[in-house]
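A.B. asks: Sequence first, predicted coordinates after that:
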Amino acid sequence: MFLYLVAIIASCFVLKIVLKTCLVQIVKKWWRVLEDGCYVYQFYKVPQFNHNMQENQLYRKVCTYLNSLPCVEDSDFTNLFSGDKSNEISLVLDCNQVIVDKFLSARVFWINESTAIKSLVMKIRKKDKRRILQPYLQHIHSVFDEIEQRKKEVRLFVNVDNEPQRNGRWRSVPFTHPVTFDTILMETDLKNKVKSDLESFLKSKQYYHRLGKVWKRSYLLYGPSGTGKSTFIAGIASMLNYDVYDVDLSKVTDDSDLKLLLLQTTSKSLIVIEDLDCYLGEKSTAPSMSGILNFMDGIFSCCAEERIMIFTINNKDQIDPTVLRPGRIDVHIHFPLCDFHAFKILATSHLGLKDHKLFPQVEEIFQTGAVLSPAEIGEIMISNRSSPTRALKSVISALQINTESRAATRHARRSSDTGSVRTVEETGGDSGMFCKESVRELKKLYGLLRIRSSRKDSSFEFDTSDKDNSKT
Ligand SMILES: Nc1ncnc2c1ncn2[C@@H]1O[C@H](COP(=O)(O)OP(=O)(O)OP(=O)(O)O)[C@@H](O)[C@H]1O
Ligand SMILES: [Mg+2]
């Protein structure tokens, strides 16, 4: 009995040593060598230069591909170089280093040969060749394209006035919006759906070609002002590393001008028309409704494909259904005003609050139907970030004022129906109405924000003098 116990303890000890040390690796390695020795292989050489000493583009692609593989990171030895960006470090294969890639369950060996002319040599089992060679080379091309795309500097293009002496209609600046797709406030499910919709679209080139369709996907973002539509566009651009072409229809002279703009965009880009509803009315002159519809259908995009079109509007109900038909617009995404759930997410991200004694009060006001946009609530929280309690009180006041002003508006409407006149400034969309009186009240209460409202939108602005007060 005692001997059994000793034997069990000893074998546990040995097992622990084997698992914790490199013994397992050594055994695995030798087993692989033995197994690999039993197959017939075929070799393919990718030299860095051709006979005329011109660079072989495939060599560059394969090099980039191999250096991006996780197995390089896991290999026994490899080189570290500083990358293009200051804090970037890249892994680079060493001379004569061998790495093993896996593709469609086949093992592909790469040897970094360093003779007079550098070359990469691919070794695959003869039995796998027919099955994997072509798709594997395609795979290398697309991974290389993806890596290049990620490295590219994203640019924002805007269309300028059509002047004869100007060269081209687009002017661009680097697009450095700080937003990422992850920081956008949106239902997690919806966000994941959009992400996977985009991913599956980007992988569907062959599918679209087979159907004879233009390889593009159109999104409609609709919702009141300040709910994050433009921010969402910036988030997609930064996620995909796509350039943004922001079409200003007021600078488009006629339908052919609009065609020209589309023809001058490049593939792998987002084409955006903000506030599309403003240009679809009967009164709008140039470009015409049919010109805009043709643009949306993307039929003028001849050579450069793979484009994502995004249109934003405030209210979907007032748009002609032909504009929104499937195919013309593929995905509709609603951007709602804040409810209590969205408010809590904002409180966590902006104030670091998971819970607070004032939350029940906030919830109660939301239940009475008070509405503010994420932009409005976000701005109040940012202005009061040094004191979360003050921030929540400010939000509560803003919500109360919103409730009161909506009641006042209803009352004003009823009064104007009966002949009396009241002055009310609209904030636009269904984000609520602000009475001048109520705004003054809010300013007096907190002295932190100056709220300006116009017919089109309402925005909070920092008042420098007030900001100083808030610190005291
Ligand atoms: N869902 C959201 N996620 C993250 N930030 C948001 C969101 N909604 C609003 N914001 C913040 O509010 C500000 C205004 O948002 P944005 O400009 O995207 O709104 P919009 O819907 O495009 O408004 P408009 O219809 O007036 O153009 C942004 O600076 C952004 O930081
Ligand atoms: Mg916007």
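C.D. replies: Okay, I see it. Numbering: from 1, shown residues only. Ligands and ions are numbered 1, 2, ... in the order given.

A.B. asks: only C-alpha atoms for contact and neighbour calcs from this point on.
C.D. replies: OK.

A.B. asks: Parallel or antiparallel, list what pairs with the strand or helix carrying residue 245.
C.D. replies: When secondary structure is defined using DSSP states H and E, the element that contains residue 245 is strand 243-246. Pairing partners of strand 243-246, with direction, according to DSSP bridges: strand 155-159 (parallel), strand 269-273 (parallel).

A.B. asks: Quick check: mean pLDDT of it?
C.D. replies: Taken as a whole, strand 243-246 carries a mean pLDDT of 94.

A.B. asks: Helix or strand next in line after it, which one?
C.D. replies: Proceeding C-terminally, strand 243-246 gives way to helix 255-263 as the next helix or strand, assigned by DSSP H and E.

A.B. asks: okay, the angle between that following helix and strand 155-159?
C.D. replies: In this structure, helix 255-263 runs at an angle of 170 degrees to strand 155-159, with axes from the mean of the first three to the mean of the last three Cα atoms, to 10 degrees as the basis.

A.B. asks: chain center to helix 255-263: distance?
C.D. replies: Between the centre of helix 255-263 and the centre of its chain there are 27 Å (Cα atoms, centre = their mean, to the nearest Å).

A.B. asks: what helices or strands is it leaning on?
C.D. replies: helix 289-297 (3 or more Cα pairs under 8 Å, 6 or more residues apart in numbering; DSSP states H and E).

A.B. asks: Tell me which of the strands paired with strand 243-246 sits most buried.
C.D. replies: Among those, ranked by average contacts under mean count of other Cα atoms under 10 Å, first place goes to strand 269-273 (a mean of 24).

A.B. asks: Restricting to C-alpha, output that one in CSV.
C.D. replies: The C-alpha trace of strand 269-273 is given here as CSV (Å, rounded to 0.1, in the frame of the first residue of the first chain):
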residue,chain,number,x,y,z
SER,A,269,-14.1,53.9,-48.9
LEU,A,270,-17.1,55.2,-47.1
ILE,A,271,-19.3,57.5,-49.2
VAL,A,272,-21.5,59.6,-46.9
ILE,A,273,-24.4,61.9,-47.5
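
A.B. asks: Determine whether any part of that strand lies close to ligand 1.
C.D. replies: No. For strand 269-273, no contact with ligand 1 is found by Cα under 6 Å from any ligand atom; the gap never falls below 11.1 Å.

A.B. asks: could you check the angle helix 289-297 makes with that strand?
C.D. replies: Taking the same axes, to 10 degrees, one finds strand 269-273 and helix 289-297 inclined to each other by 150 degrees.

A.B. asks: Use 15 as the first number for this chain going forward.
C.D. replies: Taking 15 as the first residue, the last one we looked at is strand 283-287.

A.B. asks: how far is strand 283-287 from where the chain is centred?
C.D. replies: Here strand 283-287 is found 13 Å from its chain centre; the criterion is Cα atoms, centre = their mean.

A.B. asks: Also stretch 76-95?
C.D. replies: How far stretch 76-95 lies from its chain's middle: 28 Å, per Cα atoms, centre = their mean.

A.B. asks: From the rest of the structure, what touches it?
C.D. replies: 103-108, 113-115, 134, 154, 157-158 (Cα atoms under 8 Å, 6 or more residues apart in numbering).

A.B. asks: sorry, back to before: so which of the strands paired with strand 257-260 gets nearest residue 15?
C.D. replies: Judged by Cα to Cα, the one of those that comes nearest to residue 15 is strand 283-287, at 74.1 Å.

A.B. asks: mind listing which of the contacts of stretch 76-95 are in helices?
C.D. replies: Judged by DSSP state H, the contacts of stretch 76-95 include 154, 157-158 as members of helices.

A.B. asks: Which strand or helix spans residue 77?
C.D. replies: Per DSSP H and E: helix 71-81 holds residue 77.

A.B. asks: Buried ones in the helix or strand just after that helix, by neighbour count?
C.D. replies: Using DSSP H and E, the helix or strand that directly follows helix 71-81 along the chain is helix 84-88. Buried residues in helix 84-88, counted by 16 or more other Cα atoms under 10 Å: 86-87.

A.B. asks: Show the average pLDDT along helix 84-88.
C.D. replies: Average pLDDT, helix 84-88: 80.

A.B. asks: And the helix or strand that contains residue 152, what's buried?
C.D. replies: Secondary structure assignment for residue 152, by DSSP H and E: helix 140-165. Residues of helix 140-165 classed as buried by neighbour count (16+ other Cα under 10 Å): 142-143, 146, 150, 154, 157-158.
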